[in-house]
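Student: Sequence unavailable; structure follows:
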């Protein structure tokens, strides 16, 4: 990803962030009282405000240093969503059976990590491009694979099987993982409020997801 730094926004500040996902839908009201709904964005896009996570002068300086190192909006970085940051639901433990990431054909060695959100009414598949190193586990047809049988690119989210471990035709490939959201600052300005001698705050630190 061009203009991207593989570093994570300070976790202690991310945990206090607010925000979530956004979708874009056009709704046209017809003359007969009905409506038409059209999806403008294929994928949802996440946005956050990390300002509420700043509690001390140390936090404030950490944000300023991180902001300067990214040169404002110029370079993207990793951010851990406070709610949605792993292949399973909150409160559960990651397993190699969490997410279906593909079906083998006996030849394909590379599979993109994805996360599926689904219920009885529909589903949406999200591409996971920024998995966390050391957290990725994989299975093929229910059998867990050893770490030495595949590699995982934490900059792209692509899992590649080696030699004799390439999934056979019809084999279901699953994976479990933690992941970050690729974001950038959504401003080139940081306003600081030194309300007290030993504390300060930044009223707003807007972040927006970078879609590949």
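Tutor: Sure thing, it's come through. The model shown is predicted, which means the values in this text are computed figures rather than measured ones.
Student: C-alpha from now on. contacts and neighbour counts both.
Tutor: Noted.
Student: I'd like to know the phi and psi angles of the residue most central in space within the chain, please.
Tutor: Nearest to the mean C-alpha position of the chain, by CA atoms, centre = their mean, lies residue 181 at 2.7 Å. As for residue 181, its main-chain torsions (degrees, to the nearest 10) stand at phi -100, psi 130.
Student: Could you verify my assumption that residue 210 touches residue 180?
Tutor: No: in this structure, residue 210 is not within contact of residue 180 by CA atoms under 8 Å, at 11.6 Å.
Student: any idea which residue of this protein is furthest from its center?
Tutor: Outermost in the chain, CA atoms, centre = their mean: residue 32 at 41.8 Å.
Student: Could you tell me the per-residue confidence at it?
Tutor: Listed pLDDT for residue 32 reads 93.
Student: part of a strand, is it?
Tutor: No: counting by DSSP: H, G, I helix; E, B strand; the rest coil, residue 32 is located in no strand; its state is coil.
Student: re the thing from before, looking at residue 210 and residue 180, which is more packed in?
Tutor: Here residue 210 and residue 180 are compared on neighbour count by other CA atoms under 10 Å; more neighbours surround residue 180, at 21 against 16.
Student: Would you mind confirming that that one is in contact with residue 79?
Tutor: Yes: counting by CA under 8 Å, residue 180 does reach residue 79; the two are 5.3 Å apart.
Student: Under the pLDDT cut-off, which ranges of this protein? List them.
Tutor: For the chain, the stretches flagged by pLDDT under 70 are 1-2, 195-201.
Student: Which parts of it are helices?
Tutor: Read by DSSP state H, the chain holds these helices, from start to end of the chain: 11-14, 57-70.
Student: residues of the shortest one that come out buried?
Tutor: Using 16 or more other CA atoms under 10 Å as the test for burial, helix 11-14 gives 13-14.
Student: try the last one
Tutor: Using 16+ other CA under 10 Å as the burial criterion, the residues of helix 57-70 that qualify are 57, 59-60, 63-64, 66-67, 70.
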